[in-house]
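*Asks:* Provided below are the primary sequence and the corresponding predicted coordinates.
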Amino acid sequence: MAARRILLLGDAALWRRCARVKGVAAPATRRAIRDLRDTLLDFRKKNGFGRGIAAPQIGMLKRIIYVHFPKEGIDGAFINPRIIRKSKTKIRLWDDCFSFPGLLVRVERWRDVMVGYTDETGKKRTIIADNGLSELLQHEIDHLDGILAVQRAIDGRSFALRGESGKSGKRKRMIR
């Protein structure tokens with residue numbers, strides 16, 4: 001298992017735009033995918049949650065995300081993912097991130113998106129995602145562009161600590 005250290009908010013690498021992957025079968029790409037998978041599974045084992053991770057979160061500035069979303073039957077890498085189409089409607093939700101554990105950020109995301117990507121075998125694919133999967137893919141693709149959820153906060157009051165999120169009397173929905 002090659003679980004890597006997850007970079008935390010404040011690390012300059014998280015703010016950088018990632019380079020496109022040119023060789024899907026290249027050993028470096030295979031290693032990146034394996035490390036992303038192992039890091040995600042390790043995080044889930046230790047913390048009890050986690051559905052996706054982006055390469056810059058483990059210090060690799062490549063356009064790769066790894067998604068483990070059993071509810072939708074998805075467990076694999078999205079290489080060079082891009083949003084092709086967005087719905088007209090948006091959703092508001094409490095977002096969290098491995099790179100700032102314990103912090104929730106209220107954001108607005110598109111309800112539905114169509115994402116184009118290359119899979120681990122090199123095949124070009126598209127997926128239409130809604131609600132939780134849509135939010136997850138938008139969050140992870142943002143990472144590839146150097147955008148963090150804290151930059152997408154709805155306003156200055158859109159932050160909460162995970163342990164404090166339910167104390168206001170309102171139930172806050174966490175997606176990850």
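*Replies:* All right, it came through fine.
*Asks:* Show the contacting residues for the residue positioned nearest the centre of the chain.
*Replies:* What sits nearest the mean C-alpha location of the chain, by Cα atoms, centre = their mean, is E140, with 2.7 Å. Neighbouring residues of E140 by Cβ atoms under 8 Å, 6 or more residues apart in numbering: G52, I53, A54, I65, V67, F78, P81. (C-beta placed from N, C-alpha, C; glycine too.)
*Asks:* Just confirm S158 contacts V105, I think it does.
*Replies:* Yes. Between S158 and V105 a contact is recorded at 5.9 Å, counting by Cβ atoms under 8 Å.
*Asks:* still on that earlier bit, and the residue nearest to the centre of the chain, what element?
*Replies:* Element membership for E140 (DSSP states H and E) is helix 131-144.
*Asks:* The strand or helix carrying I127: partners in the sheet, and parallel or antiparallel?
*Replies:* Using DSSP H and E, I127 sits in strand 124-130. When pairing is defined by DSSP bridges, strand 124-130 lines up against strand 112-118 (antiparallel).
*Asks:* can you pull the buried residues of the partner strand?
*Replies:* Going by neighbour count (16 or more other Cβ atoms under 10 Å), the buried part of strand 112-118 is D112, V113, M114, V115, Y117, T118.
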